[in-house]
Structure formats: C-alpha cells, structure tokens
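**Student:** Give me a 3D structure for the following:
(2 chains)
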There are 2 protein chains.
Amino acid sequence: MEDYGRFLALLVSALLVGFLSVVFSLVWVFHYREGLSWDGSPREFNWHPVLIITGFVFIQGIAIIVYRLPWTWKCSKLLMKFIHAGLNTIAMILAIVSMVAVFEFHNAKNIPNMYSLHSWIGLTAVIFYSLQLFLGFAVFLLPFAPVPLRAALMPIHVYSGLTIFATVIATALMGITEKLIFSLKNPAYSASPPEATFVNCLGLLLVIFGALILWMASRSHWKRPPEENAKVLQPIGGTPEGTEAESTMADGSNADNSDLRINSEAARKQNLKLDEAGQRSTM
Amino acid sequence: MEDYGRFLALLVSALLVGFLSVVFSLVWVFHYREGLSWDGSPREFNWHPVLIITGFVFIQGIAIIVYRLPWTWKCSKLLMKFIHAGLNTIAMILAIVSMVAVFEFHNAKNIPNMYSLHSWIGLTAVIFYSLQLFLGFAVFLLPFAPVPLRAALMPIHVYSGLTIFATVIATALMGITEKLIFSLKNPAYSASPPEATFVNCLGLLLVIFGALILWMASRSHWKRPPEENAKVLQPIGGTPEGTEAESTMADGSNADNSDLRINSEAARKQNLKLDEAGQRSTM
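**Tutor:** The predicted structure is shown next:
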C-alpha cells in the first residue's frame, strides 16, 4: 500500500476522534444532564445524542472505510461486504431506536414532533440510509443483479453513501444547537457555561471525524486492490483506471471494483462459470 | 461531452434551486422579518442569511463547477482560473460582510459574540476558505509554483474546497435553526407557524443545492478536457488516468489537470519555453 504510514496515522486519528465523540456524548448526558433511562423523561431523550453519535456517525464512518483497511485485503470480498452491510445495519437500528426515544419523550411531554429543520432533514437521512442499505443489499450482496446494473449503480451507491454521511453530521450539529438552546436556561447558552463549551467541542469533533473519513474514503490509491480472478478476467485492452473512472469519487465502499472491471459479455459468462465453481470471491 | 443532456439538466436544476434559495432568503427577511438596513437593528442582522446564502452557498457552488461548463472549454485555462478565483473572492467578501452585520447587531444589542457552535464552525469555515483562496491564488494562479508542488497540492485543494462547501451548508442549517428558535416566540417554532415551514423549506433547498453541486463536481467524465499543449507534452508512457488518479475525488476545480500531466522535468522546461512564447493556455 502506498503511504501506509500516513494511512495508519489517519486511521488512528479517525478512531480516536470518533471514540472521543462517543465519550463526549456520554459525559454530556451523565455529567451535565440527567443520565439515561427509558421512561419518557429527559433521560429517555438523552439516548438520542448517544445513539446517533455512536451509531449514525461513528459506526457509519467505520463502515465507509472498512474496505480500505489493508489487513482485510486477504479476506474475501464477500466477507467484507457482509461486514460493510452489517455495520451499516447496526448504525441504522441505533438511529431508529434513537428516534423512537425522541418521539416517546415528545409525546410524554406534549411537545410536537417533526416541526424543526433538524427533524425534517434527520428523518429524510434515515429514510435514504435505509433505502441505500436495502438497495445495496439487493444489488451488491445478493447474487442476482446483472453486472451492468452493478456497474451503473456503484457510483450512485458511493456518492449517496458519502452524501448521507455528511448530511447526518450536519443534522447532528443542528441537533446539538437545538438542545443547547432549549436546555440551557440559567445561565443561557449565550453566557457560555461549561456545558455549552464542552458540547460545542463535541460538535467540532464530529466535523473533524467526518473530514477524516471523507479524506480516507476519497483517496483512490488507498482502494482495496482488485481480486486476482477479476484481473484475469479483465477484457483485453481494458485498464483498471478506465472502468474505475466512474466510481472514483470518494469510493468509500469500493464494493465492486472487480465487478466493474468485468465488463465484456464473454468475461461475464466466464465469471458465472467461476461463480458456480466457487472460485470467485468478489460476491 | 458524455451525457451532455444529463449534465445540462443537473446544471439547470442546480441554478434553479440555488436561485430559489436566494429568493427564499429575501422573502424570509422582507415578508416575515423586518427587511434590510445597516443600523444595528435586527434589519442589519438580516443581511447575514441573505449574504451567506447568496455568496457563501450559491456563488461558491457555481465557482466549484465553473470548469465543468462545456461551452467554457474553448476559453483559456487562465481565464477560467480567474473566473474561479474571482467568484470565490466575491463569495469570501460577502461572507465577511455578513459576519460584520452579525457582530454589529450583537454589539448594539449587548448579545455575546462567538458563543454558539454555529459561530465556531462558521468562523473556522471562513478562515479556511480565505486560506484556501490565498493558497490557490499563490500556487495555481501565480506562475511561480513548481509543477510537483502543484501536483501535490491539487488533491488537497479539491478536497478542501468541497469539504468547506459542505461545512458552509451545515453551518447555514445550524444558523437557520438558531434564528427560528430565537425569533419565533408567539407562536413558537414548535407550533409550526408559516415562517417556520417556509424557512425549513429554505434549509431543504440548501441541502439539495449542495447535493447537486457535489454530484456534478465529482463525475470525472464531466471534467474539462486537457489542453492540447499538455497532451503534446505528456511524458512517454504517461496516461491521463495515471496522473489524474490523485485528484479524482469530486474534482470540482479541475484547475490543473494539464499541469499535473506535465510531470517530467523535460516537459516542464519545454512548457516554460511555451509560456514565454505565449502559446500555453493553462496558466
């Protein structure tokens, strides 16, 4: 791997910043707020920031760059797809549970639901994320989608994944803003009490985490190398760069590089034979 | 150009959504708020959303994709760099004026400055944006930077540009959230008065605008083609894909494709000669 040291430094930084964000969210709810419970009280609401930051930010971020980890390149592509899909499924479940916590808290306190820009964009992000997960599963994990469909959808899958990730972080920043304004009364947010400064720092950590993940996911020279089988099956005259050009932006998932390369009908048929023989590890 | 029709449809959509965002910001301050003036009143504050959305979102977005417009490909690269830098300079000036409006309004009303996460991230974005503009000017517009330095900085320039753009939109969403909570009192934001719904829609427009710009900027097949001179000067064995691989993520600026390709010392010297002869149009 090119620049292995730099990759490792960025990975360690991302993990540290992400882990620190989760710790900050816990310190926020336990030290500055009332802690956690599931009883319709503000303690139930507190699950919302904790689960969003743990699942929808940290775990989603790791899911995006999981194909980049060089020590996974000896694992089969199928295993890596399962890990990618699995992490995203955990993130989605945590996001949904965290939304249930807010709805139950709102209902218990007679606070209207879904009135804020935070809630509009947040719900939209969860819906798109679920769609992305469902489509990714159907197209890239199940063995039924034809190769041209995979090739056509991969750039959209990569772009959507990164755009949803960025939108989730933006939504978290709006949520932090809302919560600090609503909950800090005496002294108010504008008086910069310790909680305000602490949670602002949490917001900065989320932005840094997002920036690190997007940088790592968008360096094409850190992509998982193509499978050996796919190299063999590459059509004559086809270059790796040529077919990869479509999925170059921030190819965090990199799920189907090798599939994309197999773009001739003959190679596809050959592939199907190899699939039957259990020799192909790209699915 | 590949997919010219699709590019045009996306461009028209982005322009429409961006223009509509500016119109929405004006309707917000003139119909729902007190209008505009420069007297320390809330009317001075109102310059803030209008100028941020006009300059820091809409104009910055156009500056990002200006190299992609196929009818500019017959213009010299130097002219396009001036337009890219010029639009970004206008955006920066509008962003700074819009911040002055907030500071003056806060000072007139004895509201503390720089306490919110919105202000922290917003000021950081303006500082990074100014640095990016200054470095971009020094490295890619002035003729002094050596080609290896340009090649090394181009992926960072592209990544920073897009990350700052996304951060600016996230900051605008936080600002909208703050303003609606602070200014809607009777009825409150949570009662969803018409202003709340209208400005939430403005927030959605900003997200859609950002998503459209990022999609257009990250399709590598919509990049400005390399200059003819640069093609001639390409070192033997070098492929366009090979050297472009470093700057593939969302290459909105695409400012120095041709420069990046000229990566041998011999080609560089040849280029300098062409520069003197006024034949090279990449600077």
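
**Student:** excluding its backbone neighbours, what's nearest the residue in the stretch 51-200 of chain A positioned nearest to chain B?
**Tutor:** At 3.6 Å from chain B, residue A:170 is the closest residue in the stretch 51-200 of chain A, using CB to the nearest CB. (Glycine included, C-beta is placed from N, CA and C.) Take residue A:170 and drop its neighbours on the chain: the residue closest to it by CB to CB, 6 or more residues apart in numbering or on different chains is residue B:170, 3.6 Å away.

**Student:** go on, residue A:17?
**Tutor:** What sits nearest to residue A:17 in space, not counting adjacent residues and going by CB to CB, 6+ apart, is residue A:209, at 4.6 Å.

**Student:** what's the angle between the strand or helix carrying the one you found and helix B:194-218?
**Tutor:** In this assignment (DSSP states H and E), residue A:209 forms part of helix A:194-218. Inter-element angle recorded for helix A:194-218 and helix B:194-218: 30 degrees (by axes from the mean of the first three to the mean of the last three CA atoms, to 10 degrees).

**Student:** The residue nearest to residue A:17: how many residues sit nearby?
**Tutor:** 24 (other CB atoms under 10 Å in any protein chain shown).

**Student:** quick one: it and residue A:14 touch, right?
**Tutor:** Yes - between residue A:209 and residue A:14 there is a contact under CB atoms under 8 Å: 6.3 Å.

**Student:** Any buried residues in the helix or strand hosting residue A:81, and which?
**Tutor:** Here residue A:81 sits within helix A:77-109, counting by DSSP H and E. Neighbour counts over helix A:77-109 (16 or more other CB atoms under 10 Å in any protein chain shown) mark A:77, A:80-81, A:83-85, A:87-88, A:91-92, A:94-96, A:98-99, A:101-102, A:104-106 as buried.

**Student:** same question, stretch A:118-133
**Tutor:** Those would be A:118-122, A:125-126, A:128-129, A:132-133, for stretch A:118-133 by 16+ other CB under 10 Å.

**Student:** all helices in the stretch 151-283 of chain A, in order from the N-terminus.
**Tutor:** A:194-218, A:228-233, A:240-244, A:257-261, A:265-276 (DSSP state H, counting those that start in this stretch).

**Student:** which of these has the lowest average pLDDT?
**Tutor:** Of all these, the minimum mean pLDDT falls on helix A:240-244 (a mean of 34).

**Student:** My guess is the residue nearest to residue A:170 contacts residue B:118. True?
**Tutor:** No - Residue B:170 lies out of contact with residue B:118 (CB under 8 Å); the separation is 9.5 Å.

**Student:** For chain A, which helix or strand comes out least confident on mean pLDDT?
**Tutor:** Across the helices and strands of chain A, mean pLDDT, DSSP states H and E gives its lowest value to helix A:240-244, namely a mean of 34.

**Student:** related to what we said a few turns ago, what comes up buried for the helix holding residue A:209?
**Tutor:** A:195-196, A:199-200, A:202-218.

**Student:** Assign the residue most central in space within chain A to helix, strand or coil.
**Tutor:** Central residue of chain A (CA atoms, centre = their mean): residue A:60, 2.8 Å from the mean position. Here residue A:60 is recorded as helix under DSSP: H, G, I helix; E, B strand; the rest coil.

**Student:** thought the residue of the stretch 51-200 of chain A closest to chain B was touching residue A:121?
**Tutor:** Yes - at 7.2 Å, residue A:170 and residue A:121 qualify as touching, with contact defined as CB under 8 Å.

**Student:** and for the two, which residues touch both?
**Tutor:** With contacts defined as CB atoms under 8 Å, 6 or more residues apart in numbering or on different chains, the residues shared by residue A:170 and residue A:121 are B:173, B:207.

**Student:** In PDB, list the C-alpha atoms belonging to stretch A:208-223.
**Tutor:** Provided in PDB are the C-alpha atoms of stretch A:208-223 (Å, rounded to 0.1, in the frame of the first residue of the first chain):
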ATOM      1  CA  ILE A 208     -13.200  16.600  12.300                       C
ATOM      2  CA  PHE A 209     -14.300  12.900  12.300                       C
ATOM      3  CA  GLY A 210     -16.300  13.500   9.100                       C
ATOM      4  CA  ALA A 211     -13.500  15.300   7.400                       C
ATOM      5  CA  LEU A 212     -11.000  12.500   8.200                       C
ATOM      6  CA  ILE A 213     -13.400   9.700   6.900                       C
ATOM      7  CA  LEU A 214     -14.100  11.600   3.700                       C
ATOM      8  CA  TRP A 215     -10.400  12.200   3.100                       C
ATOM      9  CA  MET A 216      -9.600   8.500   3.600                       C
ATOM     10  CA  ALA A 217     -12.500   7.300   1.500                       C
ATOM     11  CA  SER A 218     -11.700   9.600  -1.400                       C
ATOM     12  CA  ARG A 219      -8.000   8.700  -1.900                       C
ATOM     13  CA  SER A 220      -8.200   6.300  -4.900                       C
ATOM     14  CA  HIS A 221      -4.700   4.900  -4.200                       C
ATOM     15  CA  TRP A 222      -5.900   3.500  -0.900                       C
ATOM     16  CA  LYS A 223      -8.600   1.400  -2.500                       C
END
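
**Student:** What's the separation between the residue of the stretch 51-200 of chain A closest to chain B and residue B:173?
**Tutor:** Relative to residue B:173, residue A:170 is positioned 6 Å away (CB to CB, to the nearest Å).

**Student:** With residue A:83 instead?
**Tutor:** 32 Å.

**Student:** just residue A:172 next, same as before
**Tutor:** Taking CB to CB, one finds residue A:172 at 11 Å from residue B:173.
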